[in-house]
Every structure is written in structure tokens, then in C-alpha cells.
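Student: sequence unavailable; structure follows:
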């Protein structure tokens, strides 16, 4: 149903109805802006990227062939715009080393996270995700929060499915290491244990 509605408005836009494209903007503006905010962490930059994404989509609408969903095609444009913007901005991302993990450490980390209230856990996870390298953070975010399939992520990023799976695995492992390092000392401090 959604694809048919999108295609109807795409066809109207291509046939000269400029106002039809505003339906697509309204429908997908939150998705595009959310992606830009997650990647750029700056409201003004995210707004600029969102606007640029819709301009590029409008100008390139003839190239949309319908092989994928319109939302995936649009997400890909937004993702690439964000990557271009990040290349222009010199930022130092703190990359954390991947620690060796075993099932006991995973269980320990899970137990630690379960002891934190839900609201605090969300705050901690967001802060820990911020410490991941940009590409891993984006892939994890796309997979778990945007609920994109592996195929959609490969289409958006231009990476192979095998590469996306590797980055998901490494990202989860690195996130686990970051959570363990950041959460455990906080709990000890909070509960006054030595």
C-alpha cells in the first residue's frame, strides 16, 4: 500500500505536479532528519542535509526505477549526503579497542545492564554508541533502530552483505566492550563498592 501511494506521488511529480512531491517530503522528513542527526549530531547541519536530500531526490526522481522502496532510495541519498558532510568536517572520533570477550563477560555485562533503570540504560547506551566509529554506529543504528534489512543496508551503504555482517558483528562486540568499561565503574561509584 505504501509503495503504491509513493509511486502515485512520484508519477504525479514526474508529470509536472510540483505539489505532489510535498507529500513525499512530509512523509519522510522525520526519517531523513533522524538519520542526519544520528550521524552529524548537529541540528543545523542535519536540517541542511535533510533539505539537500530532498532537493537531490526531486532532481534525481527520474533515476528512481522502483527496484527498491522509495524510502530506501531516499535513505541512501541522505546517508551519502551525511558521509560527504562528515568528510568535510574534521572530527576526531574516539575509537575504542576491541577487548577479548567470552560468554562469562557477556553475561556479566548483561547483568550489569539489567541493574540500571530503563531510562538510565537508554542514556548509557546512547553515550556508548557515540564512542563507536561512525560507520559501525550507522550500521548498528540502521539495523536495530531504523529496522532496515541487511539488503537495505547494503543498498544504502554500497557495502556487500558479508561486509555489513562483519561490521554488525564487530560493532556489537566493540559496543559490548565500551558498555563494560563505562557502565561497571559507574555502578561501583553509584553504589559505593570498592
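Tutor: Here it is on my side, so go on. What you are looking at is a predicted structure, and each value in this text was computed from that prediction instead of being measured. Numbering: from 1, shown residues only.

Student: going forward, measure contacts and count neighbours with C-alpha atoms only.
Tutor: Noted.

Student: check contacts around residue 164.
Tutor: By Cα atoms under 8 Å, 6 or more residues apart in numbering, the contact set of residue 164 is 139, 150, 153-154.

Student: now, among these, which is nearest to residue 43?
Tutor: Ranked by distance to residue 43 (Cα to Cα), the contacts of residue 164 are led by residue 139 at 20.7 Å.

Student: which one is that closest one nearest to, not counting chain neighbours?
Tutor: Excluding the flanking residues, the one nearest residue 139 by Cα to Cα, 6 or more residues apart in numbering is residue 168, at 6.7 Å.

Student: pLDDT of whichever strand or helix holds that neighbour, averaged?
Tutor: Element membership for residue 168 (DSSP states H and E) is helix 161-191. The average of the pLDDT scores along helix 161-191 is 78.

Student: next, the buried residues of it.
Tutor: 164, 167-168, 171-180, 183 (16 or more other Cα atoms under 10 Å).

Student: quick one on the thing from earlier: check contacts around the residue nearest to residue 139.
Tutor: Counting by Cα under 8 Å, 6+ apart, residue 168 has contacts 136, 139-140.

Student: in TSV: those, plus pLDDT, neighbour count and distance to residue 31.
Tutor: Below are these laid out as TSV (pLDDT from 0 to 100; neighbours: other Cα atoms under 10 Å; distance: Cα to Cα, whole Å):
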residue	pLDDT	neighbour count	distance to residue 31
136	86	21	19
139	88	23	15
140	86	25	16
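
Student: please flag which of the residues you listed sit within strands.
Tutor: Among the contacts of residue 168, none falls in strands (DSSP state E).

Student: nearest to residue 70, of those residues?
Tutor: Nearest member of the contacts of residue 168 to residue 70, counting by Cα to Cα, is residue 139, at 19.4 Å.

Student: distance of that closest one relative to residue 49?
Tutor: 19 Å (Cα to Cα, to the nearest Å).

Student: which pLDDT value goes with residue 143?
Tutor: 86.

Student: again but with residue 53, I slipped
Tutor: Model confidence at residue 53, expressed as pLDDT, equals 93.
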